[in-house]
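Chemist: sequence and predicted model, in that order:
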Amino acid sequence: MDIEKEKCQFCGRQAKHFLFAAFVCDSEDCIEKARIERGGPGGHMKNKMKGEIIFGESDKK
Ligand SMILES: [Zn+2]
C-alpha cells in the first residue's frame, strides 16, 4: 500500500497515515474524525468486548 499516493478522506490533502480503516493526513482533526467514524474513543467494539468478558465469567460461576 502506497500511502503517499492516497488522499486524506476528510480534507483531501496527501495522506500520511492509514488509521481506523481510513486514509488521513497529519491533521489531528482528520485523525480524530477517522476515529469517531470507527465508533469513538471507547467505541462500540470495546464496550461489546468488555460486556462479553464480564457476562462470560459470571455465566461460568
Ligand atoms: Zn486531512
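Modeler: Cool, the structure landed.
Chemist: residue 34: neighbouring residues, count only.
Modeler: Residues lying near residue 34 (other Cβ atoms under 10 Å) number 20. Using the backbone N, CA and C atoms, a C-beta is placed for each residue, glycine as well.
Chemist: tell me who's in contact with it.
Modeler: Neighbour list for residue 34: 9-10, 19-22, 24 [criterion: Cβ atoms under 8 Å, 6 or more residues apart in numbering].
Chemist: how close does the spatially closest residue to residue 27 that is not a sequence neighbour sit to the ion?
Modeler: The shortest distance from residue 27 to any residue other than its chain neighbours is 6.4 Å, reached at residue 11 (Cβ to Cβ, 6 or more residues apart in numbering). From residue 11 across to the ion, the span is 3 Å (Cβ to the ion, to the nearest Å).
Chemist: check residue 25 too.
Modeler: Separation of residue 25 from the ion (Cβ to the ion): 4 Å.
Chemist: my guess is that residue meets residue 15, correct?
Modeler: Yes. Under the criterion of Cβ atoms under 8 Å, residue 25 makes contact with residue 15 at 5.9 Å.
Chemist: shared neighbours of those two, anything?
Modeler: If you check residue 25 and residue 15 against Cβ under 8 Å, 6+ apart, the residues they both contact are residue 8.
Chemist: more crowded one of those two?
Modeler: More neighbours surround residue 15 than the other of residue 25 and residue 15, with 23 against 20 (other Cβ under 10 Å).
Chemist: which SSE is residue 32 in?
Modeler: Residue 32 is part of helix 28-37 when elements are defined by DSSP states H and E.
Chemist: pLDDT averaged over that helix - what is it?
Modeler: Here helix 28-37 scores 94 as its mean pLDDT.
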